[in-house]
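# Here you go, sequence then predicted model.
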Amino acid sequence: MKYFKIFVVFALFSLMMTVTVNADDDEDDLGMTLDELADALESFAEDCEPKPEREHIKQLLTNDENPHENSKCFRRCLMEQFELIEEGQSQMNKDKVVDMMSMMYADNKEELEQIVDHCNGKNGATTEKCENAHQHGMCILSQLKEKGFKVPEVKE
């Protein structure tokens, strides 16, 4: 399930729902509904504090710009689990973030590095860890859209 692994990466950054994908284009279709994706991500929530409720996970997956605090904290927990942000840090680990995003955008490493640098510069001073993770996710989403990257969509 190649696209599930890619999806987990993008769930961390809240990148879904940015492009309308043709339903007949199976290459871009994740093939999973919002509920199925939420089910899959619930296992990552076991060690998170506060533990998110299902609605918080869905907020992450649908790029809610003003989510519940628990949704923001779940994003932070995921980013720490995948070592995209180290505990106690406020900037993303550029190499790890670029490596994960390169699963989807292999030929765009330089642009991905620029995106991470931009978002670290913009959000690195935010000290509240959950808000910091949320701002990084929204920044990555915004930068990908601005640069014309195509991102798969979650089916309702």
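Okay, I see it.
# Enumerate the positions of the helix of greatest length in the chain that are buried.
Counting residues, the longest helix found in the chain (DSSP state H) is helix 129-146. By 16 or more other Cβ atoms under 10 Å, the buried positions in helix 129-146 come out as 129-130, 132-141, 143-144. Yep, even glycine has a C-beta here, placed from its N, CA and C like the rest.
# what's the spacing between the helix or strand where Gln114 lies and its chain's center?
Using DSSP states H and E, the element containing Gln114 is helix 109-123. Centre-to-centre, helix 109-123 and its host chain are 14 Å apart (Cα atoms, centre = their mean, to the nearest Å).
# Check stretch 77-88 too.
The mean C-alpha position of stretch 77-88 is separated from the chain mean by 12 Å, Cα atoms, centre = their mean.
# ditto for stretch 106-122
The answer for stretch 106-122 is 14 Å, by Cα atoms, centre = their mean.
# Give me the contact list for that stretch.
91-92, 94, 97-98, 101-102, 105, 135-136, 139-140, 143-144, 147, 149 (Cβ atoms under 8 Å, 6 or more residues apart in numbering).
# which stretches of the protein form helices?
Assigned by DSSP H, the chain shows helices spanning 2-13, 34-42, 54-61, 69-81, 94-101, 109-123, 129-146.
# so of those, which one's packed in deepest?
Highest mean neighbour count of these: helix 69-81, a mean of 23 (counted as mean count of other Cβ atoms under 10 Å).
# before we move on, back to that, relative to Glu87, which of the helices of the chain is closest?
Closest of the helices of the chain to Glu87 is helix 69-81, at 5.6 Å (criterion: Cβ to Cβ).
# low-scoring pLDDT stretches of this protein, where are they?
1-31, 151-156 (pLDDT under 70).
# thinking again about what came up before, now, among the contacts of stretch 106-122, which is nearest to Asn66?
Closest to Asn66, out of all of those and judged by Cβ to Cβ, is Gln135, at 12.1 Å.
# State the distance from Thr126 to Ala45.
As judged by Cβ to Cβ, to the nearest Å, Thr126 and Ala45 stand 23 Å apart.
# Of those two, which one has the most company?
Between Thr126 and Ala45, counted using other Cβ atoms under 10 Å, the more crowded position is Ala45 (21 against 16).
# His56 versus the more buried one, what's the distance?
From Ala45 to His56 the distance is 9 Å (Cβ to Cβ).
# hey, what's in contact with both of the two?
Common neighbours of Ala45 and His56 are listed as Phe74 (criterion: Cβ under 8 Å, 6+ apart).
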